[in-house]
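Enquirer: Next comes the sequence, and after it the predicted model I'd like to discuss.
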Amino acid sequence: MVKTKKSKNIHNKICPNCGKRVSKKDRFCRHCGSKLYDVTESVTKPAEIEESVKLEFSLLPKEKILAFYTPVDMAFAGEYLTAIILCVVGMLLSLAPFIYILGWLLFICGVILFIAIYFYARGHKYCITNKRIIISKTFITREIRELSYDKITDIAIKQGLLGRLFNFGTIIPLTASGLGTSSYFVTDSKGRIIKSIVEPATESYYALKGIEDPLKAKDLISRNIAK
């Protein structure tokens, strides 16, 4: 009996342009000819997840899903901590004889806040395709917006201490029209405007808040802008 060696699966890279599998050693896609970068399956969703994303977002012809993100729980650590503190303070006050009603009210508010934060975070969904960025936010109401790559002039990343420790952060696409930015004026002692300063706005609607591995997502967006 002749033993045959099992062939290794060398198709472990995904072309960001056509979405087909290529060899890890390939520098250009053998299907569409696009230049390949270090884009692996870690930013491409499994088939069952991709199908659910396609049902939620209406894709354009020849549009491919390159990555799909939801915020990590750590991105809302401050909000969760506030809810927990309310619950703890409420439990302590509920033990007091004269203000126990206030304690129970604080405890209930803390629980409601915790649940609201959980569903608010789960309602944020970000889809990066080969044509645009789609942002979906669902909390009581639902709103979907999109940003095409030709409108993006720069990309900013914001990471706090927790973000640097646990590798998550917020990506803020900046546009020539001012989407994703906030600005303020610097004046002299006489009130005359010296200069205008433009900076990324963390609360911009187009911000991808609290996503995992923001540097990889930024590189993916930058490569699509460069096409």
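Expert: Everything's here; your move.
Enquirer: wait, what's in contact with I135?
Expert: Listed by CB atoms under 8 Å, 6 or more residues apart in numbering, the contact partners of I135 are 125-126, 144-147, 205-206, 208. Bear in mind the C-beta positions are built from the backbone N, C-alpha and C, glycine included.
Enquirer: Closest one of the residues you listed to E63?
Expert: Nearest to E63 out of the contacts of I135 is E146 (CB to CB; 10.9 Å).
Enquirer: Okay, now the unreliable bits of this structure?
Expert: Along the chain, segments meeting pLDDT under 70 span 1-20, 24-25, 27, 29, 31-56, 177-204.
Enquirer: All the helices of it, residue numbers only.
Expert: Counting by DSSP state H, the segments of the chain that form helices are 47-56, 77-93, 100-122, 161-166, 214-226.
Enquirer: mind checking which of those helices is nearest F68?
Expert: Ranking the helices of the chain by their distance to F68 (criterion: CB to CB) puts helix 47-56 first, at 5.3 Å.
Enquirer: Give me the contacts around stretch 98-114.
Expert: By CB under 8 Å, 6+ apart, stretch 98-114 touches 79-80, 82-96.
Enquirer: Just the buried subset of the residues you listed, please.
Expert: Neighbour-count burial (16 or more other CB atoms under 10 Å) is assigned, among the contacts of stretch 98-114, to 79-80, 83, 86-87, 90, 93-94.
Enquirer: Can you pick out the most distant pair from those?
Expert: The widest separation within the buried ones among the contacts of stretch 98-114 (CB to CB) is 22.9 Å, between E79 and S94.
Enquirer: Between the buried ones among the contacts of stretch 98-114, which sits nearest K131?
Expert: Looking across these and measuring by CB to CB, the closest to K131 is E79, at 33.1 Å.
Enquirer: Spatially nearest residue to the closest one, not counting backbone neighbours?
Expert: Leaving aside its chain neighbours, E79 sits nearest to I117 (4.7 Å; criterion: CB to CB, 6 or more residues apart in numbering).
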